[in-house]
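# no FASTA, just this:
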């Protein structure tokens, strides 16, 4: 007979606790402001990370035409944000809008958040809003349009002389009032 003996062994877990990431990236509200008459006006869109993400990540973004034209109304600057991964971290997407003196309707472009990169936690980062609109407000005066008939009176068929200056007087009459 073999005596039955039992022994109990303990296996100690030496693995690190798994990292749980439950983070949200928020894109600020739409931006609407006047373009200015010259130079550039800066439109800023904030991207905020609410919770820490180990080792950070990258976030691609693009600026896309709506009714505004890239290169004419604003500077297209698609790019990538490098996020350190700190809780409450804020990154900024900047769009430079070109000022002009043309009377035109308000114009729009969109900022779009793209792919997350350089992280093992992409599936754990929530991005509820991926697009916001920038509205370039027209700040230029509407031109005055006058619908009037001009009538000229006077003798305009005089001969030119070879020397000197000759003065002509012409009376112009409008048939309606001109504003301003």
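Here it is on my side, so go on. A quick note: this is a predicted structure, and the numbers were derived from the prediction, not measured.
# and the next element down the chain from the worst-scoring helix or strand of the chain on mean pLDDT?
When the helices and strands of the chain are scored by mean pLDDT, DSSP states H and E, strand 150-153 comes last with a mean of 62. On the C-terminal side of strand 150-153, the closest following helix or strand by DSSP states H and E is strand 171-174.
# Which neighbouring elements make contact with that following strand?
strand 150-153 (3 or more Cβ pairs under 8 Å, 6 or more residues apart in numbering; DSSP states H and E). Yep, even glycine has a C-beta here, placed from its N, CA and C like the rest.
# Poorly predicted segments of the chain, please.
Scanning the chain for pLDDT under 70 picks out the ranges 1, 148-161, 168-170, 172, 178-180.
# And the strands in it?
Along the chain, the segments classed as strands by DSSP state E run 23-27, 31-34, 40-49, 57-65, 79-83, 89-98, 107-117, 125-126, 131-137, 150-153, 171-174.
# Tell me which of these sits nearest to residue 9.
Closest to residue 9 of these, according to Cβ to Cβ: strand 23-27, at 40.2 Å.
# How about residues contacting that closest one?
45-53, 59, 111, 113, 121, 124-132 (Cβ atoms under 8 Å, 6 or more residues apart in numbering).
# which of the residues in that strand are buried?
Going by neighbour count (16 or more other Cβ atoms under 10 Å), the buried part of strand 23-27 is 23, 25, 27.
# Go through these and say which is closest to residue 165.
Checking these against residue 165 with Cβ to Cβ, the nearest one is residue 27 at 69.2 Å.
# Quick check: bridge partners of that closest one?
Here residue 27 shows beta-bridge partners residue 47, assigned using DSSP bridges.
# Distance check, it against residue 114.
Plainly put, residue 27 is 12 Å away from residue 114 if you go by Cβ to Cβ, to the nearest Å.
# ditto for residue 80
8 Å.
# Please enumerate the shared neighbours of those two.
59-61.
# residues in contact with the residue nearest the centre of the chain?
Geometric centre of the chain, nearest residue: residue 134, 4.3 Å, by Cα atoms, centre = their mean. Counting by Cβ under 8 Å, 6+ apart, residue 134 touches 30-32, 43, 45, 68, 74, 95, 97, 108-111.
# Check those for burial and list the buried ones.
31, 43, 45, 68, 74, 95, 97, 108-111.
# quick check, nearest of those residues to residue 17?
The closest of the buried ones among the contacts of residue 134, once distances to residue 17 are taken by Cβ to Cβ, is residue 45, at 35.9 Å.
# leaving aside the residues next to it on the chain, what's closest to the closest one?
residue 93 (4.4 Å; Cβ to Cβ, 6 or more residues apart in numbering).
# how near is the one you found to residue 114?
From residue 93 to residue 114 the distance is 11 Å (Cβ to Cβ).
# now do residue 75
For residue 75, the distance to residue 114 - Cβ to Cβ - is 18 Å.
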